[in-house]
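Visitor: Sequence and predicted model, in that order:
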Amino acid sequence: MKCRRCREPAVIDIRRHNAAFCRDCFLHHCREQVRRAIDEHRMIEPGERVLVAVSGGKDSLALWHLLGALGHEADGLYIGLGIDEYSEESAALVRTFATGRGLKLHEVDLAAEWGFDVPTAARTTRRAPCGSCGLSKRHLFNRVALTHGYPVVATGHNLDDEAAVLLGNVLRWETGYLARQYPVLPASDGFARKVKPLIRLGEREMAAYCVLEGIDYQVEECPMAAGNRHLGYKEVLNALEDRSPGAKAAFLFGFLDRGHDLFAGLAGIAGTGGGASGEGPVLAPCASCGSPTTGEVCAFCRLRERVRDDTGPAPGPEPASAPSQTPRP
Amino acid sequence: MKVLLRNPRREVEVTGPVTVLALLARLNLNPESVLVIRGDTIVTRDARLTDDDTIEIRPVISGGSR
Ligand code: SF4
Ligand SMILES: [Zn+2]
Ligand SMILES: [Zn+2]
């Protein structure tokens, strides 16, 4: 196969674009797709500092790298989840990436700073670990962004992630979640803007980007992901994609262009799965940590309390309250 | 040729020459879900692999709700 842009030998073929690229043209393609996503959805305004949520996996490290390549001022945030060797290895990879490139990295350790880790939370709640894990990460991304004055948090969700989430939401007609599934969640009182600049790039492209840029990322899966619903959805979607290239992109972008608006307005309605950000329920500072919440105590602090009641007092400090306004730079 | 597979990590011996697409079909893998790495670069699905090659087939699907 030959590169579509320069006719040199190709290293990767992307069937949904009916194209193959050499190394340099592929890296250019990735930067262009991210630039386009950012422009199209006005994800980052010129000069805004971005906080990138990094896990050590291919998507988040590639995202951090790409934002830098596009000239954005992007700092990293790594959260230590306490998932044994998996967390130790991912922390080491993230630190190596940051130091090697002279990038600024924030770190939060769940166990040391908040008194619990993901495996303990999963045992206490007797639910899939990804629930407590995702809740804690969302809470801490936002908290660190507000504390350090970042107006925007970027996450490494790619086309495959979003298509899988969409399939899950459609299979159960989660209208509230459908209303909120969008590559940009605007800032609101107490919440930084959240953006997904990799929405136009597939998972295979992100892995290829890391290999071709020489980014050392964590290839091993999180041991807690086994049996996760989204993995099953991704397999189903990839089986479709193999038979009709472009199926995933058509599913996701069709929804964003023509479907999403039909669900708008259902975001904050009880029983629809809509969450507490943006319009809808009234927010007040959490009595325990100061983060905005619809209840008296936020979901993150309720989780902390449950784990503490279950396992005895934990060494976490009583944190100072977080700013409840989104900072304006 | 030596073919390294992941999750779980294991190595299989495959006789070449064979195209990437045929190799993946032989191993019952979806080309959408993996990258095929030869040396320090990746190869397209029509690339011909020979017995001297060392190949890694790397899954690209990650789970979790993130
Ligand atoms: S797979 Fe689940 S538990 Fe593991 S890091 Fe991702 S969200 Fe957390
Ligand atoms: Zn080229
Ligand atoms: Zn709280």
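Guide: Okay, I see it. Because the structure is predicted, anything quoted here is derived from the model rather than measured. Ligands and ions are numbered 1, 2, ... in the order given.
Visitor: CA only for contacts and neighbour counts going forward, please
Guide: OK.
Visitor: how long is stretch A:113-129 end to end?
Guide: The first and final residues of stretch A:113-129 sit 19 Å from each other (Cα to Cα, to the nearest Å).
Visitor: list the buried ones in that stretch?
Guide: Within stretch A:113-129, the residues scored as buried using 16 or more other Cα atoms under 10 Å in any protein chain shown are A:Trp114, A:Gly115, A:Phe116, A:Asp117, A:Val118, A:Pro119, A:Thr120, A:Ala121, A:Ala122, A:Thr124, A:Ala128, A:Pro129.
Visitor: residues touching residue 14, list them.
Guide: Since you didn't name a chain, this refers to chain A. A:Ala20 (Cα atoms under 8 Å, 6 or more residues apart in numbering or on different chains).
Visitor: Wait, chain B was what I had in mind.
Guide: B:Met1, B:Lys2, B:Val3, B:Asp51.
Visitor: Lowest-confidence member of the buried residues of stretch A:113-129, which is it?
Guide: Here the lowest pLDDT out of the buried residues of stretch A:113-129 sits on A:Ala128, with 85.
Visitor: what sits against that one?
Guide: A:Ala122 are the contacts of A:Ala128 under Cα under 8 Å, 6+ apart.
Visitor: next one: A:Gly227
Guide: By Cα under 8 Å, 6+ apart, the contact set of A:Gly227 is empty.
Visitor: how about the strands in the stretch 1-150 of chain A?
Guide: Counting by DSSP state E, counting those that start in this stretch, the segments of the stretch 1-150 of chain A that form strands are A:12-14, A:19-21, A:49-53, A:73-80, A:105-109.
Visitor: Select, out of these, the one closest to A:Arg200.
Guide: Closest to A:Arg200 of the strands of the stretch 1-150 of chain A, according to Cα to Cα: strand A:12-14, at 12.5 Å.
Visitor: mind listing what the closest one pairs with, with the direction of each?
Guide: Next to strand A:12-14 in the sheet, as set by DSSP bridges, lie strand A:19-21 (antiparallel).
Visitor: Name the residues of the partner strand that are buried.
Guide: Under 16+ other Cα under 10 Å, the buried positions of strand A:19-21 are A:Ala20, A:Phe21.
Visitor: do you know how far the residue nearest to the spatial centre of chain A is from A:Gly57?
Guide: The residue lying closest to the centre of chain A (Cα atoms, centre = their mean) is A:Thr155, at 3.4 Å. For A:Thr155, the distance to A:Gly57 equals 12 Å [Cα to Cα].
Visitor: Tell me the first helix or strand C-terminal of the lengthiest helix in chain A.
Guide: In chain A, with assignment by DSSP state H, the single longest helix is helix A:129-148. Per DSSP states H and E, the first helix or strand lying C-terminal to helix A:129-148 is strand A:152-154.
Visitor: is chain B contacted by that following strand?
Guide: No. Contact of strand A:152-154 with chain B is not found when judged by Cα under 8 Å from any Cα of the partner chain; the minimum separation is 12.2 Å.
Visitor: quick one: the helices in the chain?
Guide: All of this is about chain A. Secondary structure of chain A (DSSP H): helices at A:23-40, A:58-69, A:84-100, A:110-114, A:118-125, A:129-148, A:159-171, A:175-180, A:203-213, A:229-243, A:247-254, A:260-263, A:299-311.
Visitor: The chain in question should be chain B.
Guide: B:20-26.
Visitor: what about the residue in it that ligand 2 sits nearest to, how many neighbours?
Guide: Nearest residue of chain B to ligand 2: B:Thr44, at 13.6 Å (Cα to the ion). Per other Cα atoms under 10 Å in any protein chain shown, the neighbour tally for B:Thr44 reads 24.
Visitor: In contact with it, which residues?
Guide: A:Met1, A:Ala10, A:Val11, A:Ile12, A:Asp13, B:Val20, B:Val36.
Visitor: What about it? Give its phi and psi, please.
Guide: Here is the backbone geometry of B:Thr44 (degrees, to the nearest 10): phi -80, psi 170.
Visitor: Find the nearest non-adjacent residue to it, please.
Guide: Distance criterion Cα to Cα, 6 or more residues apart in numbering or on different chains; nearest residue to B:Thr44, sequence neighbours excluded, is A:Ile12 at 4.9 Å.
Visitor: dump the residue contacts of the one you found.
Guide: A:Ala20, A:Phe21, A:Cys22, A:Arg23, A:Phe26, A:Ala208, B:Ile42, B:Val43, B:Thr44.
Visitor: From what I see, the fourth one and A:Val11 are in contact.
Guide: Yes. Under the contact definition of Cα atoms under 8 Å, A:Arg23 touches A:Val11, with a separation of 6.2 Å.
Visitor: got any ranges where the chain has weak pLDDT?
Guide: In the absence of a named chain, chain A is used. Counting by pLDDT under 70, chain A shows low-confidence ranges at A:268-281, A:312-329.
Visitor: wait, I meant chain B there
Guide: When residues are selected by pLDDT under 70, those of chain B lie in B:64-66.
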